[in-house]
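> from the sequence below, what's the structure:
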Amino acid sequence: MNLQDVLARISKLLVLSYVIDWVFIIGIALIGYGFSKVDPSQHPFSLTDPTIAFPYKENETVSTATLVLAGLLAPAVIVFAGALFIVPGTAAEGGPRPSKSQILRRKVWEWNAGWMGLAVSLAGAYMATQGLKSLVGKPRPDMLARCNPDLNAIEENLVGGLGVAGAPIIVTWKICQDQSDFLRVDGFASFPSGHASFAFSGLAYLTLWFCAKFSVGFPYLSYFPTEGQNYSDDRTSVRTRGAAPPVLMMIFALVPTATATFIAASRWANCRHHGFDVLFGSALGILFAYIGFRMYHLPIQRGAGWAWGPRARRRAFIRGIGFPSSLGIDSWSYAPEIEQGGRNGIHAESSVVHDNSYVEREAENIPMQEQPAHSPVERV
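Predicted structure coming up:
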């Protein structure tokens, strides 16, 4: 089967549904960009607050360009290379040799799923971060250095305080002699840390992706040991059902997260964010990284490194009532391979019937060479 035949088998309606998914992901990122262009709420501050009296540092440890390179471009390139070189992976070993069309479909799908998960993570974290920055308007630790307050204009800009000697005096940003974007927009963008959320949303996602593709995870049992099980050293022992991955692979998988941690910590060291801002931004990025990964990939310990399959053609936009999932036998990754006029007498039409005969199967047990739609093991 050549490339043209492979493309002909893929539903245009299903492709359109994923194109629309990409449009919405880009739209989420654009909403975040719109938030970044809105003047944040300039939260009133005290001229005697030591937490916003740090000096302004011209040179940042991690620039915005470096952040985009580490958090977006590097994960995107690595995911693409992984889909190109390591898919279909070990699931193809020991069984029937997969056809070229099967390998091509899996590579393309793993690439798309890997990028969609990364995009959901980054776009979601970016929109949430920029929205919170605009809403909260928290002064940065170097706020007073940016502000250069006019001490002769305290009375007309006074908005709070006890009004007694020695008590804090709360003023508005209008007291600042520098009222450019450097102060009015960037000076009130401390919460949460954008560097931290962006770095973790991209690099924590990459760590999860690495762990899935190379089976880097805690050993696990599919069920709890039962009474009377043998704990000897023979091959039937429960302790032989799991083993720790090589330490080298654990280090390899954790490098992205360590890089994200360095980027986040640099924001506190550069006096750009308060400690809580960095921690909250990091947690926000990790949350969206987990959402992006789990939305498109199977669990690390049970998924054998695979992404979830594509939606069914008839459930491309909405699942509907009465269906257990968005998957169906009319999905191109689920339907039987139709080559040389059909296999075992099963023709193309058989791949789209009995859509309600869905059967849950372990992802790692799905063979590379699909069985006919009416195989006894798939009936319910």
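
> for residue 216, report the pLDDT, please.
Note on residue 216: pLDDT of 92.

> neighbours around it, how many?
The number of residues packed around residue 216, counting by other Cβ atoms under 10 Å, is 20. (C-beta placed from N, C-alpha, C; glycine too.)

> quick one: the strands in the chain?
45-46, 158-161, 169-171 (DSSP state E).

> deepest in the core, which of the ones you listed is it.
strand 45-46 (a mean of 22; mean count of other Cβ atoms under 10 Å).

> in its sheet, what does that strand sit against?
In the sheet, strand 45-46 lines up against strand 169-171 (antiparallel) (DSSP bridges).

> where among the strands of the chain is the average confidence lowest?
Among these, strand 158-161 carries the lowest mean pLDDT (a mean of 82).

> select, out of the strands of the chain, the one closest to residue 306.
strand 45-46 (51.5 Å; Cβ to Cβ).

> okay, helices next: where are they in the stretch 251-380 of the chain?
275-296 (DSSP state H, counting those that start in this stretch).

> low-scoring stretches of it, by residue?
For the stretch 251-380 of the chain, applying pLDDT under 70 flags the ranges 329-380.

> what's the local residue count around residue 18?
For residue 18, using other Cβ under 10 Å, the count is 16.

> how about the contacts made by it?
Contact partners of residue 18, counting by Cβ atoms under 8 Å, 6 or more residues apart in numbering, are 112, 116, 310.

> residue 240: which of the strands of the chain is closest?
strand 45-46 (62.2 Å).

> buried residues in stretch 181-191?
Neighbour counts over stretch 181-191 (16 or more other Cβ atoms under 10 Å) mark 183-185, 187-191 as buried.

> picking that back up, rebuild the strands of the chain as TSV, extending it with distance to residue 238.
Converted to TSV, these look like this (distance: least, Cβ to Cβ, whole Å):
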stretch	distance to residue 238
strand 45-46	60
strand 158-161	65
strand 169-171	64
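
> got any ranges where the stretch 101-250 of the chain has weak pLDDT?
Those would be 162-166, 222-236, if you go by pLDDT under 70 across the stretch 101-250 of the chain.

> can I see the domain layout of the chain?
The chain breaks down into these domains under automatic domain parsing: 8-40+61-139+192-219+243-296, 319-336+351-363.

> out of those domains, deepest packed?
The most buried one of those (mean count of other Cβ under 10 Å) is domain 8-40+61-139+192-219+243-296, showing a mean of 19.

> from the chain's centroid, how far away is it?
A distance of 4 Å separates the C-alpha centroid of domain 8-40+61-139+192-219+243-296 from that of its chain, computed with Cα atoms, centre = their mean, to the nearest Å.

> phi first, then psi, for residue 41.
The phi/psi pair for residue 41 (degrees, to the nearest 10) reads phi -70, psi 120.

> looking at the domains of the chain, which is closest to residue 159?
The nearest among the domains of the chain, by Cβ to Cβ, is domain 8-40+61-139+192-219+243-296 at 14.0 Å.

> now do the helix ranked longest in the chain against helix 275-296: the angle between them, please.
As assigned by DSSP state H, the longest helix anywhere in the chain is helix 100-136. Calculated by axes from the mean of the first three to the mean of the last three Cα atoms, to 10 degrees, helix 100-136 forms an angle of 150 degrees with helix 275-296.

> thank you, goodbye.
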